[in-house]
Structure formats: C-alpha cells, structure tokens
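Sequence plus predicted model, see below.
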Amino acid sequence: MSADLPGIVRLRDRREALTLRTILTAARGLFAERGYARTPIRLIAQEAGVSPQTIYAHFGSKAGVLGGLVDLLDDEAGIPDLVAGAQRTEDPVALLGLLATVARQVRERCGDIVTMLGSGAAVDPDIAATQAEGARRNRLGVEMVMDRVRKCGSTLVPRATDIAVALMSADVHTSLVTEAGWSHDDYEAWLKDTLVAALLR
C-alpha cells in the first residue's frame, strides 16, 4: 500500500490543479461577459460544475478568484518556460528578446484578462489590487532579466527596468496591434529591436 501513496498523492494534486483551472476558466469567461461586480460566486460555481464551498475553500473570496487569474495568466502565457530559458542563455540580445516574447504572449493569449484588469481597476478596489499584483510580478520579471544581462557582462543604460516596463506596456501593444493593425510577429520583432537599441550600451 505504501508504494502506491506517492502516485495517489500526485493524482490528487493533478485533480486539484484541474479543479482550480476549471474554476478560473469559468470566472475568466463570466467576468469578461458580465463584469466582475455582476458575477456572483454562485454563478462561477455553476459554470465550473463545483459547489460554492469548493471555491471558497480554494480561493477564500471572489477577490481571491480574481487574484488567481494572475496565476492563470502566468501559466497560459508560458512565463515559467521563458524564465527557464533566461537561465540557459548568456546572450543579452536573446535575453531582451525573451522580454519581447513575454509581452507578446501575455497580450496574445491573455489579452482579455489584461483588458478586464485595466478597465476595472479605476472602479473596483479588488480589481485594482489584482492589477497591482500583476504589475509587481511583471516588474520583478523584468528586473530579473536585467540582472541576468548585467551578470553576462553587458552594460545597460540607467533606469533600464523602467524603460523596458514602459515599452512592454499594454498601451503600446494596443496602439500598434489593435489600432495600427500590426501582427503579433511584427510587434514582437519591433519590441525586441527597440529594447536592444534602447537598453544596451
């Protein structure tokens, strides 16, 4: 029996992870369709096929579900893989290219979450707090890449992190992709070239 326990535990972990993703996916769709304020936990539970108690047990509140969308964004945008890629290269151009890829994949795969947080932050403190957490994680990721670039022997301009965060912002993406009609490939290539030209001495 003891030999089976690790597998049983892993299966339970996978089942729990699947439940969490199902809840977050349901909330993502409902928040986009109805708005955060008009989406009760009861409706999220119904859409996800779970009980409201399950949602409260995992997330504590509707604000907790909203916060979970930041984790979902990180996962769906492939950020853990890109972070791992940053640890495997010492090429400063490739490292800055990874930032361009992050910005592209966040907007391309999770633009609905970014838009919801941006439009709701001004009117709802829960959304504002979640947007701030997403921005904090983004900045930490950029700082990590900048530290990596420096450790590889390259010199960066002053305030490199601030400049990179500004160039990677949702407003720049909206201006180029949504309003000017650029493809995501064009946006990513431009952002990589611009980061390299603006940040490396």
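Cool, got the structure. Numbering: from 1, shown residues only.

where are the low-confidence patches of this structure?
In the predicted model, the chain carries pLDDT under 70 at residues 1-12.

Using PDB, write down the CA coordinates of stretch 135-146.
This file holds the C-alpha atoms of stretch 135-146, laid out as PDB (Å, rounded to 0.1, in the frame of the first residue of the first chain):
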ATOM      1  CA  ALA A 135       2.300  44.800 -12.400                       C
ATOM      2  CA  ARG A 136       4.500  43.900  -9.500                       C
ATOM      3  CA  ARG A 137       5.200  40.400 -10.900                       C
ATOM      4  CA  ASN A 138       5.900  41.900 -14.300                       C
ATOM      5  CA  ARG A 139       8.400  44.300 -12.900                       C
ATOM      6  CA  LEU A 140      10.200  41.600 -10.900                       C
ATOM      7  CA  GLY A 141      10.500  39.500 -14.000                       C
ATOM      8  CA  VAL A 142      12.000  42.400 -16.000                       C
ATOM      9  CA  GLU A 143      14.400  43.200 -13.100                       C
ATOM     10  CA  MET A 144      15.500  39.500 -13.100                       C
ATOM     11  CA  VAL A 145      16.300  39.700 -16.800                       C
ATOM     12  CA  MET A 146      18.200  43.000 -16.400                       C
END
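
Next, the buried residues of it.
138, 141-142, 145-146 (16 or more other C-beta atoms under 10 Å). (Glycine included, C-beta is placed from N, CA and C.)

just curious, which of those residues is nearest to Asp13?
Nearest to Asp13 out of the buried residues of stretch 135-146 is Gly141 (C-beta to C-beta; 25.6 Å).

quick one on the thing from earlier: mind giving me TSV with the buried residues of stretch 135-146 and columns for distance to Val70 and secondary structure?
Putting the buried residues of stretch 135-146 into TSV (distance: C-beta to C-beta, whole Å; DSSP: H, G, I helix; E, B strand; the rest coil) gives the following:
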residue	distance to Val70	secondary structure
Asn138	10	helix
Gly141	12	helix
Val142	16	helix
Val145	19	helix
Met146	22	helix
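
And the furthest pair within the residues you listed?
Within these, two members stand farthest from each other by C-beta to C-beta: Asn138 and Met146, at 12.8 Å.

just to revisit the earlier point, and which of the buried residues of stretch 135-146 is nearest Gly68?
Here the nearest of the buried residues of stretch 135-146 to Gly68, counting by C-beta to C-beta, is Asn138; it sits at 16.9 Å.

Burial check on the nearest residue to the closest one once chain neighbours are set aside, number of neighbours?
Leaving aside its chain neighbours, Asn138 sits nearest to Val165 (6.8 Å; criterion: C-beta to C-beta, 6 or more residues apart in numbering). Residues within reach of Val165, counting by other C-beta atoms under 10 Å, total 18.

Give the helix, strand or coil label for Val165.
Following DSSP: H, G, I helix; E, B strand; the rest coil, Val165 is assigned to helix.

Contacts only, for it.
By C-beta atoms under 8 Å, 6 or more residues apart in numbering, Val165 lies in contact with 138-139, 142.

No further questions, thank you.
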